[in-house]
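Q: sequence unknown, structure follows:
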């Protein structure tokens with residue numbers, strides 16, 4: 001037993017001697033000033049940018065390594081003067097056996113908490129495009145140990161593995177005018193392995209705002225001699241998982257309405273480093289839209305919840321597509337071919353739009369509190385396009401709709417119908433008509449609303465909108481401004497006692513109704529007309 005103790009103590013003593021010896025010998029083997037110059041020149045040549053750091057020291061434990069402090073990689077002057085990369089501390093491992101023979105060979109590189117800023121201009125240029133570009137490739141001077149015959153020259157080899165530990169990537173997208181969108185990747189842990197003309201990588205990060213988790217696997221960058229990094233082909237798989245995208249969508253499309261919900265998906269990345277593409281499946285479950293609606297009774301803050309929204313997503317700058325996009329709401333479904341162009345604003349197109357049995361009460365009544373709201377299941381086919389900066393005034397597209405059995409419940413619609421009833425009914429009563437005003441009173445139940453329409457820059461035009469109920473039919477033709485509320489509509493009301501025509505102008509909040517007296521007089525007996533006019537004149541005399 002004592003023999004093993006002796007052997008253990010002896011082994012420990014040997015280790016301590018080796019460590020102590022290494023602590024003394026390694027700094028002597030490494031010419032620190034020359035290593036500092038070598039690292040700076042090698043990194044500058046590899047990146048095509050000036051590289052500087054405040055200091056360099058040699059660490060012995062746990063493994064020999066060069067420690068860099070306050071490292072900065074310069075920005076492309078075309079994009080500004082703020083450093084492209086900042087690094088408080090980095091470690092470059094030294095291969096132990098070559099070091100003991102007087103040679104310097106670089107091992108793994110560990111970059112702790114680096115911060116990188118990627119900038120894209122409005123015309124699509126990236127600040128990383130010039131990385132790795134040099135006028136003439138040259139070999140950096142190799143570090144050695146001092147001068148004189150007692151020192152052998154040291155050879156060097158570039159590191160094959162790079163680890164990024166808790167890094168930050170800031171992506172700044174400059175749009176038209178002063179518009180700037182900014183996103184952050186935080187907690188970036190990335191492993192890169194170089195092998196000949198390929199770099200493999202994997203890692204994970206959080207996309208902010210919104211704290212969406214990203215996991216990257218099977219990443220490969222293929223390098224081509226004489227080409228820049230942005231020209232290098234890339235492929236990878238990215239898994240997306242986020243509990244709420246509210247903060248993220250606020251940066252992308254604006255603060256109102258607030259779009260939130262959980263997101264999951266898997267994307268396959270291809271293309272090049274400078275122009276990557278991505279395609280895969282994305283699901284939002286649920287998708288919520290929240291906004292403050294002044295026209296609503298308390299609570300004015302309303303939320304529309306879409307239980308599921310799924311799309312076959314594809315991205316190729318500056319275009320994002322979802323073909324198809326499918327969503328559900330109650331018993332209704334929505335399908336479309338989505339295309340969004342993110343260039344000088346966000347332009348959205350919905351082709352092959354097909355809505356089936358969508359419950360309008362959930363949208364028009366519960367969420368929008370629309371003054372002209374109706375209930376009932378909506379079927380609609382058509383197409384739409386708009387700019388997210390001003391949806392209502394940039395909306396375009398044709399369509400055909402049918403609303404099944406429901407009710408007119410919007411207060412403004414009921415007030416408009418009531419005005420028509422009072423004007424038409426009062427005049428009819430004076431003239432002795434049998435037209436009952438009650439046929440236009442609240443509540444208004446209908447069997448269907450059908451028609452076709454065209455939207456041009458937010459102006460809806462229809463020639464054949466038809467409201468059908470048990471007691472009457474109302475044909476509508478004219479224009480309505482979605483953003484302005486301006487109306488110019490011709491109405492023809494057919495009921496059991498006859499026909500009434502009306503002109504509606506003004507705005508949605510303050511409509512002006514003019515009922516055509518000639519349309520009422522058609523259904524009135526001439527004798528009753530004469531008597532009614534006499535009675536009307538008598539009232540004026542009073």
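A: Arrived safely. Remember, it's a predicted structure, so these values are computed and weren't measured experimentally.
Q: any idea how far residue 169 lies from residue 73?
A: As defined by C-beta to C-beta, to the nearest Å, residue 169 lies at a distance of 13 Å from residue 73. For the C-beta atoms, the positions are set from N, CA and C on the backbone; glycine is no exception.
Q: Repeat that for residue 310.
A: Distance of residue 310 to residue 73, computed by C-beta to C-beta: 41 Å.
Q: These two: who's more crowded?
A: Ranked by neighbour count (other C-beta atoms under 10 Å), residue 310 and residue 73 place residue 73 first, with 21 against 18.
Q: I figured that one hits residue 46, correct?
A: No. Applying C-beta atoms under 8 Å as the test, residue 73 and residue 46 come out as separate, 10.3 Å apart.
Q: so what's the backbone phi/psi at the closest residue to residue 49 other than its chain neighbours?
A: In this structure, residue 49 finds its nearest non-sequential neighbour in residue 74, 4.8 Å apart by C-beta to C-beta, 6 or more residues apart in numbering. Per-residue torsions, residue 74: phi -70, psi 150 (degrees, to the nearest 10).
Q: Equivalent analysis for the one 5 residues further on, please.
A: Per-residue torsions, residue 79: phi -110, psi 0 (degrees, to the nearest 10).
Q: how about it, what does it touch?
A: Applying C-beta atoms under 8 Å, 6 or more residues apart in numbering, one finds that residue 79 lies in contact with 119, 121, 127.
Q: Mind giving me the PyMOL select for those, buried ones only?
A: Buried residues within the contacts of residue 79, by 16 or more other C-beta atoms under 10 Å, are selected in PyMOL with:
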select buried, resi 119+127
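Q: ranges for the strands of the stretch 201-350 of the chain?
A: Counting by DSSP state E, counting those that start in this stretch, the stretch 201-350 of the chain has strands at residues 212-222, 234-242, 258-271, 276-292, 301-306, 308-316, 319-329, 332-342, 346-359.
Q: tell me which residues in the second one are buried?
A: Residues of strand 234-242 classed as buried under the neighbour-count rule (16+ other C-beta under 10 Å) are 234, 236-238, 240, 242.
Q: And for the third one?
A: Residues of strand 258-271 classed as buried: 258-263, 265, 267, 269 (neighbour count, 16+ other C-beta under 10 Å).
Q: Tabulate those (TSV), appending pLDDT.
A: Formatted as TSV, those follow (pLDDT from 0 to 100):
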residue	pLDDT
258	88
259	88
260	91
261	91
262	94
263	94
265	96
267	97
269	96
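Q: want to throw those into TSV with distance to residue 315?
A: Converted to TSV, the buried residues of strand 258-271 look like this (distance: C-beta to C-beta, whole Å):
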residue	distance to residue 315
258	23
259	18
260	21
261	20
262	20
263	15
265	12
267	8
269	9
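Q: Could you list the low-pLDDT ranges of the stretch 251-400 of the chain?
A: Applying pLDDT under 70 to the stretch 251-400 of the chain flags residues 344.
Q: Ok, the chain next?
A: For the chain, the stretches with pLDDT under 70 are 1-36, 38, 57-64, 94-106, 132-159, 175-179, 344, 419-443, 497, 517-542.
Q: Show me how it divides into domains.
A: For the chain, the structural domains run 24-125+156-195, 332-542, going by automatic domain parsing.
Q: Just give me how far the longest one sits from the chain centre.
A: Going back to what we said before, that points to domain 332-542. Counting by C-alpha atoms, centre = their mean, to the nearest Å, domain 332-542 is centred 35 Å from the centre of its parent chain.
Q: Just give the closest residue to residue 398, not the sequence neighbours.
A: residue 454 is the one closest to residue 398 (C-beta to C-beta, 6+ apart), at 4.9 Å.
Q: give me the element the one you found is part of.
A: Assigned by DSSP states H and E, residue 454 falls within strand 448-456.
Q: What helices and strands are in contact with that strand?
A: Taking 3 or more C-beta pairs under 8 Å, 6 or more residues apart in numbering; DSSP states H and E as contact, the helices and strands that strand 448-456 lies on are strand 397-403, strand 459-468.
Q: Done for today, thanks.
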